[in-house]
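K.L.:
I would like to see how this sequence folds:
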Amino acid sequence: MDIKDWQKKADEIINKIDNKCGCSHDINNTFIHLIEELGEVARELNKPNIRNENINREELGKEIADVLFFIARVANLNNIDIEEAINGKLKELNARHGFK
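P.N.:
Numbers count the residues shown, from 1 in each chain. Below you'll find the model as predicted:
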């Protein structure tokens, strides 16, 4: 699946969940949910430091996927093509740092 397809699929899934649950991931709710998911990534990464536990890589992967879904939603709500934005940023960074 390419980025454009994934971005569209993320929106479709979030819309289905919203319809099922009777809620709406508008920009404010989406941003709050994104921060919540980032906190779950942080909690997993902090396990060795604060709980003396190993990072559960499977759980970490799921939480990162959640973050990416809500990033896609933020982009969609603002009519941003993530693939285009990434390509533009790569070009900018390469030029800024003298990479080819």
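K.L.:
contact partners of stretch 72-91?
P.N.:
Residues outside stretch 72-91 that contact it (Cβ atoms under 8 Å, 6 or more residues apart in numbering): 2-4, 6-7, 10-11, 14, 25-27, 30-31, 34, 71. From N, CA and C alone the C-beta is placed, and that goes for glycine too.
K.L.:
Now, of those, which are buried?
P.N.:
Taking 16 or more other Cβ atoms under 10 Å as the criterion, what is buried in those is 7, 10, 11, 14, 25, 30, 34, 71.
K.L.:
Columns pLDDT on top of the residues you listed, output as a markdown table?
P.N.:
Shown next, in a markdown table, are these (pLDDT from 0 to 100):
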| residue | pLDDT |
| --- | --- |
| 7 | 96 |
| 10 | 96 |
| 11 | 94 |
| 14 | 97 |
| 25 | 96 |
| 30 | 98 |
| 34 | 98 |
| 71 | 98 |
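K.L.:
what about residue 25, which SS state?
P.N.:
Here residue 25 is coil, with the state taken from DSSP: H, G, I helix; E, B strand; the rest coil.
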